[in-house]
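3D model of this:
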Amino acid sequence: MLREDVGEFFRALRDELAGASFPYVWVPEWHKTGHGLHVHFAVGQFIPRGKIAAAWGRGFVHIKHISDLPVGSTKWEEARRAAGYLSKYVTNGFEPEGRARLLGLHRYEVAQGFQPPVISLNGRSAWELLKKAEAVIGGPPARSWSSAEVEDWKAPPAVWFAWS
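Purely as a prediction, here's the structure:
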């Protein structure tokens, strides 16, 4: 039901914006009580709150303008800030207490036609790949993890990097 409601919302919001397609990404999250879902989303442009509320038409609407960006920030820096905001909801446990994980469901959705391109990198080690990723992304990761840090790791070596 939520997926259909959100799809209807974005179609109505597109109508509010004179029918033009626009980039967006959305992430569902359970209410703290575990009863019902709500949605966090980011768009690539300013949209007045009234247009968002009119398109949603189902209750509470809260918007937050991403701010505190350095003067001269690029669209990429703005997108990274929005991705950082949404990533905390993607990485949170999705299942409310006492519910089993539903396999095969997406944790986020991107507007049709605005999916980012896949970039494949190859290397002989994780560190070689990290250097290539830093060159593509434009800097070092904000966070990292390595299975080498886990004393009794019993699986193949693994590393994880996240950029903000």
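
going forward, measure contacts and count neighbours with C-alpha atoms only.
Noted.

tell me which element Val27 is part of?
Using DSSP states H and E, Val27 sits within strand 24-30.

that strand: how far from the chain's middle?
Centroid displacement of strand 24-30 relative to its chain, using Cα atoms, centre = their mean, to the nearest Å, is 7 Å.

packing partners of it?
strand 37-43, helix 75-91, strand 109-110 (3 or more Cα pairs under 8 Å, 6 or more residues apart in numbering; DSSP states H and E).

which secondary element of this protein has the worst mean pLDDT?
helix 75-91 (a mean of 74; mean pLDDT, DSSP states H and E).

so which residue is dead centre in the chain?
Leu86 (4.1 Å; Cα atoms, centre = their mean).

burial of Asp152, as a residue count?
The local packing of Asp152 (other Cα atoms under 10 Å) involves 8 other residues.

do the same with Trp56
19.

tell me the contacts of it?
Trp56 makes contact with Phe9, Ala12, Leu13 under the criterion Cα atoms under 8 Å, 6 or more residues apart in numbering.

what about Ala133, distance to Asp5?
37 Å (Cα to Cα, to the nearest Å).

neighbour count: the two, which is higher?
Ranked by neighbour count (other Cα under 10 Å), Ala133 and Asp5 place Ala133 first, with 19 against 12.

residues in contact with the more buried one?
Contact analysis of Ala133 by Cα under 8 Å, 6+ apart lists Leu121.

what's the domain layout of the protein?
Using automatic domain parsing, the domains assigned to the chain come out as 2-116, 119-164.

for the least confident helix or strand of the chain, which outside residues touch it?
Applying Cα under 8 Å, 6+ apart, the external contacts of helix 75-91 come out as 26-29, 40-42, 44, 66, 69, 107-108, 164.

dump it to CSV, keeping only the CA atoms.
What follows is helix 75-91, C-alpha atoms only, in CSV (Å, rounded to 0.1, in the frame of the first residue of the first chain):
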residue,chain,number,x,y,z
LYS,A,75,25.2,19.9,-7.3
TRP,A,76,27.3,16.9,-6.4
GLU,A,77,28.0,18.3,-2.9
GLU,A,78,24.2,19.0,-2.5
ALA,A,79,23.4,15.5,-3.7
ARG,A,80,25.9,13.9,-1.3
ARG,A,81,24.4,15.9,1.6
ALA,A,82,20.9,14.6,0.7
ALA,A,83,22.3,11.1,0.3
GLY,A,84,23.9,11.3,3.7
TYR,A,85,20.6,12.4,5.2
LEU,A,86,18.7,9.5,3.6
SER,A,87,21.4,6.9,4.2
LYS,A,88,20.7,6.9,8.0
TYR,A,89,17.2,5.7,7.2
VAL,A,90,18.4,3.1,4.7
THR,A,91,21.0,1.7,7.1
